[in-house]
Each structure stands twice: as C-alpha cells, then as structure tokens.
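> Give me a 3D structure for the following:
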Amino acid sequence: MYRYEFTPEAKRQLRKLSPEIARFLLHKLDYFISTDKPLSFAKRLINFQLGQYRFRIGDYRIVFDAIETVLVIHAVNHRSEIYKK
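Down below sits the predicted model:
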C-alpha cells in the first residue's frame, strides 16, 4: 500500500491554493495511491531538479519522488508556475 508525505515547501504551496482546488488535488492524490500502481498515472521527469515524477491533475502539477512505497511530494502548483525556480 502506498502513502504520501509532503515536504514543508509543498505544504506551504498547497495552503496557498484555494480550499476547493486543494481538496480536489488531495482527492485525486488519494485515488492515485489507492490503486496497485500509482506510478502508472505519473510521468517521469527528465530534469530531476524538482523530483523524479509528476502527476498532472487538470492545470495543476504535483512533483514527487518515489521511495519504495512512499511518495515524497516536493511541489504542488499551477502548471505555469511549477517549473519556475
């Protein structure tokens, strides 16, 4: 069974989003990890600066690393902002 953990930065980013969007993203994230292979919904990133994988949920992206059965979420933001550093 998979589970997820947010980094402090990802928690801050999630709190900045509207409550409706945050609930929607968490609902989809719960759905992804409830399946046998949540990485089948993810795309592997070429540049690992932010993380190894990303989930695409509408116009939002969740960037994370997969460590055994734990998804460590590094960033949650709109697609126009997520990759800017």
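
> and residue 2, backbone torsions?
In terms of degrees, to the nearest 10, the main-chain angles of residue 2 are phi -90, psi 160.

> okay but it is in contact with residue 38, surely?
Yes - counting by C-beta atoms under 8 Å, residue 2 touches residue 38, with 5.3 Å between them. (Glycine included, C-beta is placed from N, CA and C.)

> mind listing the strands for this protein?
Secondary structure of the chain by DSSP state E: the strands cover 3-6, 42-44, 53-57, 60-67, 70-78.

> Can you give the strand pairings for the longest one, parallel or anti for each?
Here strand 70-78 is paired, per DSSP bridges, with strand 3-6 (parallel), strand 60-67 (antiparallel).

> ok, now the shortest one?
Sheet pairing for strand 42-44, assigned by DSSP bridges, gives strand 53-57 (antiparallel).

> tell me which residues of the strand it pairs with are tucked away?
53-55, 57 (16 or more other C-beta atoms under 10 Å).

> before we move on, the earlier item: where do the contact lists of residue 2 and residue 38 overlap?
residue 71 (C-beta atoms under 8 Å, 6 or more residues apart in numbering).

> ok, those two, which is more surrounded?
Legend: neighbour count by other C-beta atoms under 10 Å for residue 2 and residue 38, higher for residue 38 (20 against 16).
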